[in-house]
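1. Have a look at this fold, sequence not included:
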Ligand SMILES: [Cu+2]
């Protein structure tokens, strides 16, 4: 009896986590823009960028998913060129940080990608799964402007944010 009960709880939890992740299906819509932008970028010889370490302040952004929803906290941050942003997995993961290629300053993609250690694709940070796992993006050597980003698994749930680099 107890064993059966335990198994159905586990099954229910599994179902819930599938539901929670289901929204990620919509993410490819934004990725289409990355593909579309590729030919234009190819026309200009791509300068190879190397990681440029932060020289200023490191800001912190929490990645959360709970009864209040999925979110970056703060979701709107203003920093200076040379600062870094540390994204910390707090709850409701896995979470990641992906910048929209068409919603960052022109010419920013190559250097910003190089400044995202362990990136899994252009402008895409590695996934953080466990609480306190973190990822640091350096904003050294990138153009000033507004950088929009989202969490791939939770884009459909509105997990988006914005960093203004001055
Ligand atoms: Cu997320």
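-> That came through fine. Predicted model only: the values in this text are computed from it and were never measured. Numbering: from 1, shown residues only.
2. what mean pLDDT does the strand of greatest length in the chain have?
-> Using DSSP state E to define each element, the chain has its longest strand at strand 58-66. For strand 58-66, the mean pLDDT works out to 98.
3. any residues touching it, and which ones?
-> 20, 70-74, 77, 79, 83-93, 95, 97, 128, 136, 151, 154, 157, 159, 161 (Cβ atoms under 8 Å, 6 or more residues apart in numbering). All C-beta atoms are positioned from the backbone trio N, CA, C, and that covers glycine.
4. from those, which are also near the ion?
-> Within the set of the contacts of strand 58-66, contact with the ion (Cβ under 5 Å from the ion) is found for 95, 151, 154, 159.
5. Who are the contact partners of the second one?
-> So the one you mean is residue 151. 63, 70, 72, 95, 96, 97, 98, 159, 160.
6. If we use 10 Å, what do you get?
-> By Cβ atoms under 10 Å, 6 or more residues apart in numbering, the residues touching residue 151 are 24, 27, 63, 65, 70-72, 87, 92-98, 125, 127-128, 157-161.
7. what's the neighbour count on residue 121?
-> Neighbour count for residue 121, taken as other Cβ atoms under 10 Å: 12.
8. what do you get for the one 5 residues further on?
-> For residue 126, the number of neighbouring residues by other Cβ under 10 Å comes to 15.
9. Give me the neighbour count for the nearest residue in space to it that is not next to it in sequence.
-> Spatial nearest neighbour of residue 126, chain neighbours left out: residue 118 (4.4 Å); criterion: Cβ to Cβ, 6 or more residues apart in numbering. Neighbour count for residue 118, taken as other Cβ under 10 Å: 9.
10. and the gap between residue 118 and residue 51?
-> Going from residue 118 to residue 51 by Cβ to Cβ, to the nearest Å gives 11 Å.
11. who's in contact with the residue nearest to residue 126?
-> Residue 118 makes contacts with 124, 125, 126, 127, 135, as judged by Cβ under 10 Å, 6+ apart.
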